[in-house]
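In: A structural model of the following input is requested.
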Amino acid sequence: MDTSPQTDRAALAALLELAREPLLAVRLAEPAPAGAPLRDLLRHALRGGRIAFANAAGRRALEDFGVDRTGGGLAEAFGDDPDALLALLGSEDAVRAFDGEGGTTWLAIRVGDGSTPEARRLQTAGLLVEGIAHDYHNLLTVMLGSAELAMQQARQGDPTPHLEEIHAAARSAAALGQQLAALSYEREPELQACDIAPILNRTIGTLRRLLDPSTQLTLEVVPDTPRVTADPRQLEQALIGMLLSVRAALPVDARIRVQASEVDERQLVRLRVLGRHDAVRGVAPGGPGLELARAVAAGAGAWLDVEPVPDGAAVTMWLQPAHGGPRPLRESRAEARSQGDGELVLLVDDHDVLRNFVARFLRSHGYEVHAVTCPAEALEMPPEDRRAVSLIVSDVLMPAMSGPEFVARWREEFPGTPALFTTGAAGSRTELEHWFGDRWKLLEKPFRNDELLAALRELRDERDD
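Out: As a prediction, the model looks like this:
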């Protein structure tokens, strides 16, 4: 049996050829200092490094960048900016350096951008997920609203316990749908004042399902912990990333606590994931989960401290406390007006079940409602009907013309018409801020009946001031 170095290298190349991830081996033009920072190594490689090997997936990635052969320069494929290359690779873990005589002579690179066929399929799946989440939220809104009305109107027997279970299950499913939408594509954070305790309670249930059963997970929230400034959906993802990074550093039977504390002397709120194990003498968390948490923290104006502790590891996120922001839901409910005073609402939504339910509900609270299936149908209304519209309730995502585009067209003829947008998709707030300055609100699906009434009430108050 041939065990020569040439045979070993051929076998290794054959194994790498079968790998699904795009892999490249880059030979540096001249050795770089051993132990140099990663960006310096990439800068060195871009100044003359040659692509000596690419597996099948790597060659396809090179073709996507206009390079149809190995032996080409790294800069020819990826440009000359090391930070841009690192962003393209997605993680510092995607690069490995190999030291030879005189310093680093080779880099192994795992390409992870959206140009490969595999990544394009993931992007397509993300769009599909977003569409599913959108319709999912429409149906859940009907479920929540109908369950509430049934609880109020039940007269025979006492179906309340069963209806409450339906309502609780729908709200749990709604939280899952919101997480699904948040993961469907990268989006700008939608910062707002949010209560940290319900976010932690909701996320802990997900975390327990992700962990090995031997892991002990507890939650400690100091009473009266202030609201924080964050994107609530991204904060959930950050918490999951923090916990997984701590969990990966510890043996299976670890003890992990998630702690939220009041404002400290720096006027910051502390969110900490602390993992302990009797056999550990201090380890540093890391990995993809930590990178996710760092990205979310940066988007919220927060930051992370990563530290070994005497018998484990900890990750701490320091968050800005919220000043002002939306009122607690219980305050909004108390002020929700139950009568629409006969004002005409133009309701635009392409989902038949949701549109019919919202129209029926608003009519039961004193509003007149003109419901249409698309913006084009609304714009074709007779002039006298258009002039009578006091408020617009419109979905954001619709075929042919989006809700923001429609309202902008409408306001060309009737400036300042208040608009309430509904959405089950991530990123809608950023789009609305681009289109409009004021007299609009965003209500995320699935919404409750009293949230809908409160939002319309606030729009009317702003208009009448």
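In: what's the first helix or strand after the strand ranked longest in the chain?
Out: Longest strand in the chain by number of residues (criterion: DSSP state E): strand 23-32. With elements assigned by DSSP states H and E, the helix or strand that comes after strand 23-32 is helix 38-46.
In: could you list the low-pLDDT ranges of the stretch 1-150 of the chain?
Out: Scanning the stretch 1-150 of the chain for pLDDT under 70 picks out 1-9, 11, 13, 18, 20, 64-70, 87-88, 90-91, 101, 112-136.
In: how about 50 then?
Out: The model of the stretch 1-150 of the chain has pLDDT under 50 over residues 1, 113-128.
In: what count of nearby residues applies to residue 148?
Out: By other Cβ atoms under 10 Å, the residues close to residue 148 number 16. Yep, even glycine has a C-beta here, placed from its N, CA and C like the rest.
In: got a pLDDT number for the nearest residue to it once chain neighbours are set aside?
Out: Nearest residue to residue 148, sequence neighbours excluded (Cβ to Cβ, 6 or more residues apart in numbering): residue 449, at 5.4 Å. With respect to pLDDT, residue 449 scores 87.
In: what about residue 449, distance to residue 149?
Out: Using Cβ to Cβ, to the nearest Å, residue 449 is found at 7 Å from residue 149.
In: again with residue 60
Out: Counting by Cβ to Cβ - residue 60 and residue 149 are separated by 55 Å.
In: same check on residue 259?
Out: Using Cβ to Cβ, one gets 40 Å for the distance from residue 259 to residue 149.
In: which of the helices or strands spans residue 229?
Out: Element membership of residue 229 [criterion: DSSP H and E] is strand 228-230.
In: other SSEs contacting that strand?
Out: strand 192-194, strand 312-319 (3 or more Cβ pairs under 8 Å, 6 or more residues apart in numbering; DSSP states H and E).
In: which helix or strand lies directly C-terminal to the first one?
Out: Following the chain from strand 192-194 toward its C-terminal end, the next helix or strand by DSSP H and E is helix 196-210.
In: what does that following helix contact?
Out: By Cβ atoms under 8 Å, 6 or more residues apart in numbering, the surrounding residues in contact with helix 196-210 are 175, 179, 217, 219, 221, 225, 227-228, 232, 235-236, 239-240, 243-244, 258, 260, 269, 271, 319.
In: does residue 34 really touch residue 98, like I thought?
Out: No. Here residue 34 does not reach residue 98: they are 10.2 Å apart, not a contact under Cβ atoms under 8 Å.
In: go ahead and confirm residue 240 touches residue 296.
Out: No. Using Cβ under 8 Å, residue 240 makes no contact with residue 296, being 10.1 Å away.
In: quick check: which ranges of the stretch 201-350 of the chain have low pLDDT?
Out: Short version for the stretch 201-350 of the chain, where the test is pLDDT under 50: 325-338.
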